[in-house]
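Undergrad: the following block contains a protein sequence and its predicted model.
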Protein chains: 2
Amino acid sequence: MTYCVAMCVDEGLVFLSDTRTNAGVDHISTARKMSVFEEPGERMLVLLGAGNLSLTQAVLQELSEPTGPSGPSASSKPTLWTVQTMADAARVVGQAVRDVHLREANALQEFGVDFNCSFILGGQIRENAESGNGAGQSRPRLFMIYAAGNFIESSRVNPYFQIGESKYGKPIIDRVLIPSTPLDEAAKCALISMDSTLRSNLSVGLPLDLLVYEKDTLKVTRFVSIDQDNAYYQMIHRTWGERLRQVFGEIPDPDWQITGDVPQNGHVGEMMLYRPPGELHADAERGTPAVDARPAQTLAQADKPKTRG
Amino acid sequence: MTYCVAMCVDEGLVFLSDTRTNAGVDHISTARKMSVFEEPGERMLVLLGAGNLSLTQAVLQELSEPTGPSGPSASSKPTLWTVQTMADAARVVGQAVRDVHLREANALQEFGVDFNCSFILGGQIRENAESGNGAGQSRPRLFMIYAAGNFIESSRVNPYFQIGESKYGKPIIDRVLIPSTPLDEAAKCALISMDSTLRSNLSVGLPLDLLVYEKDTLKVTRFVSIDQDNAYYQMIHRTWGERLRQVFGEIPDPDWQITGDVPQNGHVGEMMLYRPPGELHADAERGTPAVDARPAQTLAQADKPKTRG
């Protein structure tokens, strides 16, 4: 598997990807999942891919073939180098996915291989003075493109996308990220999300590619490939785990209290309780759970943090 | 979906389950996923189920039919009430799953419905003085039973099992839980794991059933059904999120440094960079990424925590 995450905040974009590929535990390798399309001052696009590596690479080949201004089909087919908006760029990627699907899907299906790939595309394209709407600089935008070639755009209520092994690293992003989050803080959030994923899932691995794009620069200004020797990542890895355990320790343990009420059927406190059939328990003999007749319990919040040594 | 987690620590067992069931967003309902089989002083077993609700309930019916000492088939078929060890209890559940599979799987397959169910079984059975090995009290044990009826047992290196929507809540357990974790602290860990899952996944929902079993009591001593009014869960929900954001804020943001080295092919710092085909860039014209010729960057750990206001 793979884990890639990209964020669109007010100050710019953050892209982070791991580099592990695997086809079963016997075939683990390293592959770049982040590709950068840069024409400094004109456009800066980043593509993250997850899924079957032969498919994501095939899409990348479709996109990187030189069919630009000097190519033979320059006028007939838009490319990432010729499109004027990020939405058009997402359409180009979607079309590349569909072209690969047309060529590959049937052959793969004969071997029971799903057409499994998805992409995140983000970046910014300088607004053309002639064709533009006069609003000046276009804004950085972020898209998620599915295997069917359709796509969605991020928004202020959903300022990030994940592809691949996304669930482990989702809770921390949900708790922290909003559009006004500063760019480097968003990068930190992405790295912590990745660290949680690495810790819980073997199929995601170092090194990581991190690209932080500052709005309106229209070029790559911050990129780093993070391996196990990276001091900052080491610090995040160590500190986040330590502090998490510390916070965990400071939260009071549950304090069990007997409320004394005997719960009625359907009440909070009732459990699905089965008793041995030998006992005189009408409900249990019919195979349905007995109503629990013991005092209900509740959990109270302790008045102060626990002081366990 | 569902999220259930159970832990086996030195002091006993913790079981936690949500109660949401859904078949598409239009069919969301509430169902108990925790069942308790208790014969005070003799045995205390807890079964958590996830998957297709009609299947988990069918398995439960197989298990709760009164075929005990007074039933007709008492001597021929072991039940949860007659088995002498927890491993035998897991076998009884596995056999019930296989019985249901035999009866249901083909009919379901005609409608394209997978035979999708899994269970966690934990508890303790008093050791029979006559048949026992003389080691006295048996210990609490925890098993995970798959849809095929096979099962695995927890261990000291893997002291917990999850079923259902498990990934969101896995990182915090991996960071915190060890066999020596006190019982109530393990319960707290389970609740935080559940809280992270609830926040990131709509298909898991309140109320929660929490059962904490103290080793060697052989009965249910602590059980609570937690709804949105539960003070302790409210405190966990609020405090954990707040403190997480606080810890996040205290970790220094990345500090970008230009190392000045021009990276070579394959070096850390190189990115998969594509340039427009018009530019004289031999690599790009062949459709392969250019070697990036800009100074490499790195992330340094800031010397002190950031002091952002």
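TA: That came through, no problem.

Undergrad: up against chain B, what does the stretch 51-200 of chain A have?
TA: By C-beta under 8 Å from any C-beta of the partner chain, the residues of the stretch 51-200 of chain A that approach chain B are A:61, A:63-71, A:81, A:167-172, A:174-176, A:182, A:184-185, A:187-189, A:191-192, A:196-197, A:199-200. The way it works is simple: take the backbone N, C-alpha and C, and place the C-beta from them, glycine included.

Undergrad: which of those are buried, as a ChimeraX select command?
TA: Here is the ChimeraX command that selects the buried residues among these (16 or more other C-beta atoms under 10 Å in any protein chain shown):
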select /A:63,64,65,66,67,68,71,81,167,168,169,170,171,172,175,176,184,185,187,188,189,191,192,196,197,199,200
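
Undergrad: in helices, which of the residues of the stretch 51-200 of chain A next to chain B fall?
TA: Using DSSP state H, the members of those that fall in helices are A:61, A:63-64, A:170-172, A:174-176, A:184-185, A:187-189, A:191-192, A:196-197, A:199-200.

Undergrad: tell me the secondary structure for A:E127?
TA: Judged by DSSP: H, G, I helix; E, B strand; the rest coil, the three-state class of A:E127 is coil.

Undergrad: count of residues packed around it?
TA: 17 (other C-beta atoms under 10 Å in any protein chain shown).

Undergrad: got any ranges where the stretch 51-200 of chain A has weak pLDDT?
TA: For the stretch 51-200 of chain A, the stretches with pLDDT under 70 are A:66-75, A:129-137.

Undergrad: just the strands in it please.
TA: Secondary structure of the stretch 51-200 of chain A (DSSP state E, counting those that start in this stretch): strands located at A:117-125, A:141-145, A:151-153, A:160-164.

Undergrad: what packs against the shortest one?
TA: Using 3 or more C-beta pairs under 8 Å, 6 or more residues apart in numbering or on different chains; DSSP states H and E as the contact test, the elements touching strand A:151-153 are helix A:86-109, strand A:141-145.

Undergrad: give me the residues contacting that strand.
TA: A:87, A:90-91, A:93-94, A:121, A:141-145 (C-beta atoms under 8 Å, 6 or more residues apart in numbering or on different chains).

Undergrad: list the buried residues of stretch A:76-83.
TA: Of the residues in stretch A:76-83, A:78-83 count as buried by neighbour count, 16+ other C-beta under 10 Å.

Undergrad: how far away from the center of its chain is that stretch?
TA: 28 Å (C-alpha atoms, centre = their mean, to the nearest Å).

Undergrad: between the two ends of that stretch, how far is it?
TA: Taking C-alpha to C-alpha, to the nearest Å, the first and last residues of stretch A:76-83 lie 12 Å apart.

Undergrad: which ones are touching the nearest residue to A:F119 once chain neighbours are set aside?
TA: Counting by C-beta to C-beta, 6 or more residues apart in numbering or on different chains, A:F119 lies nearest to A:I145, which is 4.3 Å off, once chain neighbours are set aside. Counting by C-beta under 8 Å, 6+ apart, A:I145 makes contact with A:90, A:93-94, A:97, A:118-121, A:151.

Undergrad: at 6 Å what do you get?
TA: Residues in contact with A:I145, defined by C-beta atoms under 6 Å, 6 or more residues apart in numbering or on different chains, are A:93-94, A:119, A:151.

Undergrad: mind putting these in CSV, neighbour count included?
TA: Putting the contacts of A:I145 into CSV (neighbours: other C-beta atoms under 10 Å in any protein chain shown) gives the following:
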residue, neighbour count
A:V93, 24
A:G94, 20
A:F119, 30
A:F151, 19
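
Undergrad: ok, the residues you listed vs A:T30, which is closest?
TA: A:F119 (19.4 Å; C-beta to C-beta).

Undergrad: and the gap between the closest one and chain B?
TA: Taking C-beta to the nearest C-beta, to the nearest Å as the measure, A:F119 falls 14 Å from chain B.

Undergrad: pretty sure that residue sits against A:G49.
TA: Yes - contact criterion C-beta atoms under 6 Å: A:F119 and A:G49 qualify, at 5.1 Å.

Undergrad: re the thing from before, looking at the helices and strands packed on strand A:151-153, which is buried most?
TA: strand A:141-145 (a mean of 24; mean count of other C-beta atoms under 10 Å in any protein chain shown).

Undergrad: parallel or antiparallel, which strands does it pair with?
TA: If you go by DSSP bridges, strand A:141-145 pairs up with strand A:117-125 (antiparallel), strand A:151-153 (antiparallel).

Undergrad: how about A:N201: what's its closest non-neighbour residue?
TA: That would be A:E165: by C-beta to C-beta, 6+ apart, it lies 5.3 Å from A:N201.

Undergrad: list the contacts of the one you found.
TA: When contacts are taken as C-beta under 6 Å, 6+ apart, A:E165 is in contact with A:1, A:3, A:197, A:201, A:204.

Undergrad: the fourth one: how many residues sit nearby?
TA: Going back to what we said before, that points to A:N201. So A:N201, with other C-beta under 10 Å, has 21 neighbours.

Undergrad: from what I can see A:C117 touches A:L53, true?
TA: No - counting by C-beta under 6 Å, A:L53 is not a contact partner of A:C117; they are 8.9 Å apart.

Undergrad: the more surrounded of those two?
TA: The neighbour count for A:C117 versus A:L53, taken as other C-beta under 10 Å, is higher for A:C117 (24 against 17).

Undergrad: contacting residues for the more buried one?
TA: A:51-52, A:55-56, A:147 are the contacts of A:C117 under C-beta under 6 Å, 6+ apart.

Undergrad: pick the one among those residues closest to chain B.
TA: A:T56 (11.7 Å; C-beta to the nearest C-beta).

Undergrad: what's near enough to touch A:I125?
TA: A:43, A:86, A:138.

Undergrad: 10 Å instead, please
TA: A:39, A:42-45, A:80, A:83-89, A:137-138, A:140-141, A:218 (C-beta atoms under 10 Å, 6 or more residues apart in numbering or on different chains).

Undergrad: the nearest residue to it once chain neighbours are set aside pairs with what?
TA: Spatially, and ignoring its direct neighbours in sequence, A:I125 is nearest to A:R43 (4.4 Å; C-beta to C-beta, 6+ apart). Beta-bridge pairing for A:R43 (DSSP bridges): A:E39, A:I125.

Undergrad: my read: A:R43 touches A:T79, true?
TA: No - between A:R43 and A:T79 there is no contact under C-beta atoms under 10 Å: 11.1 Å.

Undergrad: shared neighbours, these two?
TA: Looking at what touches both A:R43 and A:T79 (by C-beta under 10 Å, 6+ apart), the common residues are A:37, A:89, B:276.
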